[in-house]
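> For reference, the sequence and a predicted model appear below.
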Amino acid sequence: MFSYEKIYKLTRGDVKQILILVRHFFQRLFINDVVFFEEQMKEKVIAILAILAAFTAYLSHMLLSKYAWIPDEGTSWVEKCHVIFFIMIITGFIAILEWDVIFPDSRDFSNLLPFPVKIRNLFIAKLASLCLFIFLFFLGINSLSTLVFLLYLPQWQSSSLLFILRFVLAHLTSFLAAGIFIFFVLGLLIGILTSFLGYKIFSRISVFLRSLLIIVFVSIMVFFSAGTTGIPALSSFYLLKENNSLFLYLFPPMWFTGLYENLLGNNDPMFSALSIFAVLALVVTPLAFYLTGILGYRRYLIKMQEAKKRTAHFIRLKKFLLNLFNSIFLRNHIQRAVFHFFGKTLRRSMLHKMGIASYVATSVAIILIILISNAISIRSLSDVNKTFLSIPLVLSFFLLIGTRTIVNIPSANEANWIFKLTEGTDKKNYFSGLKKGIFFFMLLPLFVLLFLFYSFLWGWQLAFYHCLFGMIISLLLMEVLFINYRKIPFVCSYLPGKAKLHLYWIIYIICFLIYAFLMSSVEYKILNSPLSLFIFYGVVLVIIVGLKVSQNHFIYKKLEILYEEKPEPVMVTLIPYD
């Protein structure tokens, strides 16, 4: 039976140290600030891999099924490029999720540096653990798609067992090389930015950079999925190859497609050149990643341990403004406690920041797709149309849905004792503080930015009416989403799966379509009449006030705060009937 302990006993010196560090770093990849698989780690990883494997196999079948009756006369390289492209996107997502632990972080340094650990061994072990991690996911993702490739392609070249074995090796090698390349490219990006900017600056832009990458990958994924039966860009690769286009040499998935074909014995000059690019990429990126870690770790460590320096003048000014804000908007002490606890947790917790960023990135990707798909109907940027009107509603919908989701996830579950000890009878202040936090920390900054954007396009007056419309609709959605909310944000226990998205996803999609596009159509009709706009504002405000009154006088008076969620019973007991 495989045992790390037995291997440790057989090794000594640097080898033993590296093996111990490899195991440590490998386990840390499943326990970080965004994904936390410590409990039931194996089950969760297997479930994720099964979903990815099934989707990759389905995509491979959609692309290659034509070769069941049409001979492969050297044309399947386009479909191979398509699947390699998808594998690189998935690996990129994994790298973004593992962003915080690709390089050793503060916990690793503080725990390991007091020991006699060589920095060289530390980064060798980190590199080995990442390769092992990529290989694990690679095998899972490609387990079923490899069988699909074997089913359709080798039959047109050779039926010998040796060729099938060569085909499998070529397939696995090229796909693994593509995954390693994209993973270490993103890792190298982290290392370079950390080394040049320092940890303090990099930590501030990290969330925005990850959000931007998520937007890029989600946009590519949606376009990719929408055109699985024939993406024009990929179907035109035949013409690009005939013209020996430079684009093919600059498109990384084509490098590994060239490696695939070259390993199968295709002596086409372009594939031979592309395979050289693939080999260089496979060697250079991990090596550059390793060297970046070695050269930049000192500055990385120093910046992590630097204390934030603020002048006394700045601290006094901040305190004055904070007291002024509290005296105007947060006169109740319970509201003040919940409001600031919400804001500080959201600012410091990478898990919750990335949760919100993921929802916002998804909304931005959807907006980009909507804009591109409606590009023909948009005459100019200054044109007032339903597409532009829907942008704030799409953003606010995902922002509020994301907020409603992440406030359930505890940041410090043990911190709820202070709320239990000081719990008052008037429950409305707890939830009023939460809603004010959502308004000031999320909705208000969003619509201020949107106002500046639309003022540039349409002028400040029309931008004000438009953003006011979106703000009021967003406040209505916030009241609906939190109408029966019973928790203190970020401190109450959470049971995953209670949202039951697999049952209610159709309802969520319908609600999104009604909120984003029906409301934009309503706004488009009444935007030219300021009187109609103010009547609409008044009606929505009356509804919001009605919801708040019903909450304060009926719901909150009987409501008990839910600090600990109890799991649903596994077994249903039948009561005997007399």
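Now that the structure is in, tell me what you want to look at. Residues are numbered from 1 along each chain as shown.

> From Asn267, how far out is the closest residue to Thr257 other than its chain neighbours?
Computed as C-beta to C-beta, 6 or more residues apart in numbering, the closest residue to Thr257 that is not its neighbour in sequence is Cys81, at 4.2 Å. The C-beta positions use only the backbone N, C-alpha and C, and glycine is treated the same way. Going from Cys81 to Asn267 by C-beta to C-beta, to the nearest Å gives 18 Å.

> With neighbour numbers in mind, choose between these two.
For Cys81 versus Asn267, neighbours defined as other C-beta atoms under 10 Å are more numerous around Cys81 (22 against 8).

> got a list of what that one touches?
Leu234, Phe237, Pro253, Met254, Thr257 (C-beta atoms under 8 Å, 6 or more residues apart in numbering).

> Just the ones of those residues in helices?
Among these, DSSP state H puts Leu234, Phe237, Pro253, Met254, Thr257 in helices.

> Next up, the contacts around the residue most central in space within the chain.
For the chain, the residue nearest the mean C-alpha position is Ser358 (4.2 Å; C-alpha atoms, centre = their mean). By C-beta under 8 Å, 6+ apart, Ser358 lies in contact with Ser211, Ile214, Gly402.

> what helix or strand is the last one on?
Using DSSP states H and E, the secondary-structure element containing Gly402 is helix 386-406.

> any idea how far that helix is from the chain center?
From the chain centre to the centre of helix 386-406 is a distance of 16 Å (C-alpha atoms, centre = their mean, to the nearest Å).

> Quick one: mean pLDDT over that helix.
Computed over helix 386-406, the mean pLDDT rounds to 89.

> Which positions within that helix qualify as buried?
387-406 (16 or more other C-beta atoms under 10 Å).

> Just put the contacts of Cys81 in JSON lines and tack on neighbour count.
Listed next are the contacts of Cys81 as JSON lines, based on neighbours: other C-beta atoms under 10 Å:
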{"residue": "Leu234", "neighbour count": "18"}
{"residue": "Phe237", "neighbour count": "21"}
{"residue": "Pro253", "neighbour count": "23"}
{"residue": "Met254", "neighbour count": "27"}
{"residue": "Thr257", "neighbour count": "29"}
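
> closest to Leu291 among those residues?
Pro253 (25.7 Å; C-beta to C-beta).

> was I right about that closest one contacting Ala178?
Yes - proximity of Pro253 to Ala178 meets the contact threshold set by C-beta atoms under 8 Å, at 6.8 Å.

> joint contacts of these two?
Taking C-beta under 8 Å, 6+ apart as the contact rule, Pro253 and Ala178 both touch Ile84, Met88.

> Which stretches in the stretch 301-450 of the chain count as helices?
According to DSSP state H, counting those that start in this stretch, the stretch 301-450 of the chain carries its helices in the segments 312-329, 333-348, 350-373, 386-406, 416-421, 428-438, 444-458.

> so which of those helices gets nearest Ser219?
Closest approach to Ser219 among the helices of the stretch 301-450 of the chain is made by helix 350-373 (4.4 Å; C-beta to C-beta).

> Low-confidence regions, the stretch 401-550 of the chain specifically.
Where the stretch 401-550 of the chain drops to pLDDT under 70, the residues are 412-413, 495-505.

> 80 instead, please
Applying pLDDT under 80 to the stretch 401-550 of the chain flags the ranges 411-417, 424-426, 492-509, 527-531, 533.

> looking at this, Cys492 is in a helix?
No - counting by DSSP: H, G, I helix; E, B strand; the rest coil, Cys492 falls outside a helix, being coil.

> ok, it - contacts?
Contacts for Cys492 (C-beta under 8 Å, 6+ apart) come out as Asn408, Pro410, Asn413, Asn416, Ile561, Leu562, Tyr563, Glu564, Glu565.

> Kindly recompute the last result at 7 Å.
Counting by C-beta atoms under 7 Å, 6 or more residues apart in numbering, Cys492 touches Pro410, Asn416, Leu562, Tyr563.

> re the thing from before, ok, the contacts of Ser358 vs Thr173, which is closest?
Of all those, Thr173 sits closest to Ile214, with 29.1 Å by C-beta to C-beta.

> ok, how many other residues are close to that closest one?
Ile214: 23 neighbours (other C-beta under 10 Å).

> nearest residue to it other than its sequence neighbours?
Using C-beta to C-beta, 6+ apart and skipping residues adjacent in sequence, the residue nearest Ile214 is Ala361, 3.8 Å away.

> looking at it, that neighbour is touching Leu213, isn't it?
No - Ala361 is beyond contact range of Leu213, at 8.4 Å (criterion: C-beta atoms under 7 Å).

> out of these two, which sits in the more crowded spot?
Just comparing Ala361 and Leu213: by other C-beta under 10 Å the higher neighbour count belongs to Ala361, 24 against 18.

> now the helices: where do they sit in the stretch 51-200 of the chain?
For the stretch 51-200 of the chain, the helices defined by DSSP H, counting those that start in this stretch occupy 77-97, 106-112, 119-152, 161-197, 199-226.

> Quick check: buried residues in stretch 244-255?
Under the neighbour-count criterion of 16+ other C-beta under 10 Å, stretch 244-255 has Ser245, Leu248, Phe251, Pro252, Pro253, Met254, Trp255 buried.

> isn't Thr362 right up against Val218?
Yes - counting by C-beta under 7 Å, Thr362 touches Val218, with 5.7 Å between them.

> ok so, going back, by how many degrees do the helix holding Gly402 and helix 444-458 diverge?
Orientation check (axes from the mean of the first three to the mean of the last three C-alpha atoms, to 10 degrees): helix 386-406 against helix 444-458 gives 170 degrees.
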